[in-house]
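S.K.: Sequence first, predicted coordinates after that:
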Amino acid sequence: MKISEIKNMKRASEMPLGTQEVTFKRIQYRTDAEDNINGVFVHIEEYRSLFLPFFEQDNFQLDLLLGQLGCESYDPEEINKCAGTVITATRYERGEYVNTSFNPNGPAEVETFA
């Protein structure tokens, strides 16, 4: 990228609280020094990337995202072929944290959209 191009770039903003339809760009697994996955960045158009923790089991939000994309595996090559797909994402507050849900029906646990 050239300096002339970056001068007109706007910084990415956080997706606001509430439910939004957003355009999926790609996922990127975050790994530690031993190559163990500990998180997933979900890149979407117009907003800063969303982060999901990754667990040994029970990756419910990632499974919900894959369901919206029509993917059957955690293979990033398969998932990233879905770039351009419109998905439903919800950001909500729970205590002091802001969480993300990819439940297309809205997360049942959402309590606050302040």
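M.R.: Yep, it's here. Numbering: from 1, shown residues only.
S.K.: hey, where'd the helices end up in the chain?
M.R.: Along the chain, counting by DSSP state H, helices occupy 3-6, 60-69, 76-80.
S.K.: Looking at the ones you listed, which one is packed in the most?
M.R.: Among those, ranked by average contacts under mean count of other Cβ atoms under 10 Å, first place goes to helix 60-69 (a mean of 18). For every residue, glycine as well, the C-beta is placed using N, CA and C.
S.K.: Please list the outside residues in contact with that helix.
M.R.: Contacting residues not belonging to helix 60-69 are listed as 24, 27, 40, 42, 52, 54, 72-74, 79, 82, 85, 87-88, 100-104 [Cβ atoms under 8 Å, 6 or more residues apart in numbering].
S.K.: and if we set it to 6 Å?
M.R.: Contacting residues not belonging to helix 60-69 are listed as 40, 52, 82, 85, 87, 102, 103, 104 [Cβ atoms under 6 Å, 6 or more residues apart in numbering].
S.K.: I am finished for the moment; much appreciated.
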